[in-house]
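>>> okay, predicted coordinates and the sequence, questions at the end:
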Amino acid sequence: MIECFQRFPRPHKVAISVLSVMIGLLSFAPSESVVASRIQPEPELGGDMLGERQPLALAINIAESAAAADAHPVTRERSVKVRSGDTLSAIFARTGLSSSLLHDINQLGGSADELKKIYPGNLLTFTFDEDDAFSGLHYPLDNSRTLLISQTPHGLQSQIDSTELELRTEFAQASVNSNFWNAAASAGLTPNQIMALAGMFAWDVDFALDIRANDSFTVLYEQHFKDGILVGTGNILAAAFTNQGKVYQAIRHTDGNYYSPEGRYMRKSFLRAPVNFSHISSNFNPRRLHPVTGQIKAHRGIDYAARTGTPVVAAGGGVVVESGFSPFNGNYVVIRHDSTYITKYLHLHKRMVNRGEKVKQEQQIGTVGATGRVTGPHLHYEFLVNGVHKDPKSVDLPQAAFLSPKELAVFKPQANRLMAQLTKVSDIMLASNNR
């Protein structure tokens, strides 16, 4: 009998033991007649052997259910959206969590440090066990990575869970009717993509002065899918922009920068426009009537009309040689880029650099204003070459460098493939629109 018992699998032996205890307890139970009066009789099971299996299966189910409950405790979740001005301590307090827990999390270091980078709109999801004690949190870092912090028997642990996204390519194409932004938006590009596209060609095209009706563009960009669902857009891989009949092309290299199909760096020494403008009030005109005095006065630059406070950036790297105020120019900044080039920025609301300070290209140097003798908020921008004023929108700028021969050998095959895709899609879309 003992040998037969030993042959049973362990779960069966546990169940039989449980059953034996239950039978023993029955000896202390009321008489059979009393029990029978409290319960309905079980239906006949058709044989003593089958009747013996029924309580054994019941005991096994009870044991397995208890084990499952221990392995998967009931939990509660609470998601908290980060508000403007929020701190981790404020979020923990709002969630009912102690400052000591936050201190312990901060001491983890490593991947847990990602929790210190929270921004308005981010979502933190806290989990709690059946005793309503903290059991963990997860914080999505981007479309593919999530920070996980867990309370374990060995203490707090953190890790980053990464999911591989599926990358697909998508095309967009449009012609400019009213303005570039509307054309790009109608083609399905997001605001970030529109700004990125303009930024790729910002050294060749002034998107305030140079855009004309019937200008066009074609863009090849990445889309990110997670479990077959679109979760975001990626990098622009290649783009072609036709401006007043001239075609500009840019391809993304493995270093993250953009180059022409020949391998010339798209980033040059100077931007065509130093401000994120809304519109331009006047263009380059050496015999323009001054808007205040009504007299003919050389207007050796461009006025970019924009709201007060709009950021103004340095068109190129250099040294601030003047930063001050005058009754006519208002707040102004002058940057010497080298022995040949100087740029001037007038009528600023605020100056954010001082004389003698080194600045980098695209570094903010001030904000658009209406200081000095002006009729409204705008930036007056001047470009001097060897001390002579030039039209900023048409002056020849220094050319950028090429990729090294070694890098060019890697870049060219990719560039040729992407430009062939752009051309093919552009032709197909153009034919479809002309039908």
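Here it is on my side, so go on.
>>> please make it C-alpha for all contacts and neighbour counts, starting now.
Will do.
>>> may I ask you to name the longest strand in the chain?
Using DSSP state E, we find that the single longest strand of the chain is strand 229-243.
>>> which helices and strands does that one pack with?
helix 191-200, strand 216-226, strand 246-252, helix 405-433 (3 or more C-alpha pairs under 8 Å, 6 or more residues apart in numbering; DSSP states H and E).
>>> among those, which is nearest residue 117?
helix 191-200 (20.9 Å; C-alpha to C-alpha).
>>> what angle sits between that closest one and strand 229-243?
Orientation check (axes from the mean of the first three to the mean of the last three C-alpha atoms, to 10 degrees): helix 191-200 against strand 229-243 gives 30 degrees.
>>> quick one: mean pLDDT over helix 191-200.
What helix 191-200 shows for mean pLDDT is 92.
>>> so where is the stretch 301-435 of the chain shaky, pLDDT-wise?
429-435 (pLDDT under 70).
>>> quickly list the domain ranges of the chain.
2-71, 76-162, 166-259, 279-390 (automatic domain parsing).
>>> picking up where we left off before, got the angle for the longest strand of the chain vs helix 405-433?
Relative orientation of strand 229-243 versus helix 405-433 (the same axes, to 10 degrees): 90 degrees.
>>> residues in contact with strand 229-243: which ones?
The contact list for strand 229-243 (C-alpha atoms under 8 Å, 6 or more residues apart in numbering) reads 143, 193, 196-197, 205, 210-212, 215-225, 247-252, 418-419, 422.
>>> next: stretch 377-391.
274-275, 284, 300-308, 339-348, 368-371, 392.
>>> circling back to that earlier point, indicate which one of the helices and strands packed on strand 229-243 is closest to residue 158.
Nearest of the helices and strands packed on strand 229-243 (C-alpha to C-alpha): strand 216-226, 23.1 Å.
>>> what comes up buried for that closest one?
Residues of strand 216-226 classed as buried: 216, 217, 218, 219, 220, 221, 222, 223, 224, 225 (neighbour count, 16 or more other C-alpha atoms under 10 Å).
>>> now swap in stretch 338-355 and tell me
For stretch 338-355, using 16+ other C-alpha under 10 Å, the buried residues are 341-351, 353-354.
>>> what of stretch 315-332?
Buried, per 16+ other C-alpha under 10 Å, within stretch 315-332: 315-323, 325, 329-332.
>>> tabulate those residues (CSV), appending distance to residue 269 and secondary structure.
Below are the buried residues of stretch 315-332 laid out as CSV (distance: C-alpha to C-alpha, whole Å; DSSP: H, G, I helix; E, B strand; the rest coil):
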residue, distance to residue 269, secondary structure
315, 8, coil
316, 6, coil
317, 8, coil
318, 10, strand
319, 14, strand
320, 16, strand
321, 18, strand
322, 20, strand
323, 22, strand
325, 27, strand
329, 26, coil
330, 27, strand
331, 25, strand
332, 22, strand
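>>> can you pull the phi/psi pair for the residue nearest the centre of the chain?
Geometric centre of the chain, nearest residue: residue 142, 6.9 Å, by C-alpha atoms, centre = their mean. Taking degrees, to the nearest 10, you get phi -160, psi -170 for the backbone angles of residue 142.
>>> one more: residue 214?
Here is the backbone geometry of residue 214 (degrees, to the nearest 10): phi 80, psi 0.
>>> for it, which residues are in contact?
Contacts here follow C-alpha under 8 Å, 6+ apart; on that basis residue 214 touches 175, 176, 177.
>>> ok, the residues you listed vs residue 410, which is closest?
Comparing those against residue 410 with C-alpha to C-alpha places residue 175 closest, at 32.4 Å.
>>> quickly list what that closest one is bridged to.
Counting by DSSP bridges, residue 175 is bridged to residue 216.
>>> look up the pLDDT of the closest residue to residue 419 other than its chain neighbours for me, please.
The shortest distance from residue 419 to any non-neighbouring residue, by C-alpha to C-alpha, 6 or more residues apart in numbering, is to residue 238 (7.2 Å). For residue 238, the pLDDT comes out at 97.
>>> what's the answer for the one 4 residues further on, then?
Residue 242 is assigned 94 on the pLDDT scale.
>>> and for residue 155?
92.
>>> run a quick neighbour tally on it.
8 (other C-alpha atoms under 10 Å).
>>> quick one, what contacts it?
So residue 155 contacts nothing (C-alpha under 8 Å, 6+ apart).
>>> who does it bridge with?
Beta-bridge pairing for residue 155 (DSSP bridges): residue 152.
>>> the one 4 residues further on too?
Using DSSP bridges, the beta-bridge partners of residue 159 come out as residue 148.
>>> equivalent analysis for residue 389, please.
residue 384.
>>> please apply the same query to residue 225.
Beta-bridge partners of residue 225, as defined by DSSP bridges: residue 166, residue 230.
>>> separation between it and residue 233?
Counting by C-alpha to C-alpha, to the nearest Å, the gap from residue 225 to residue 233 is 9 Å.
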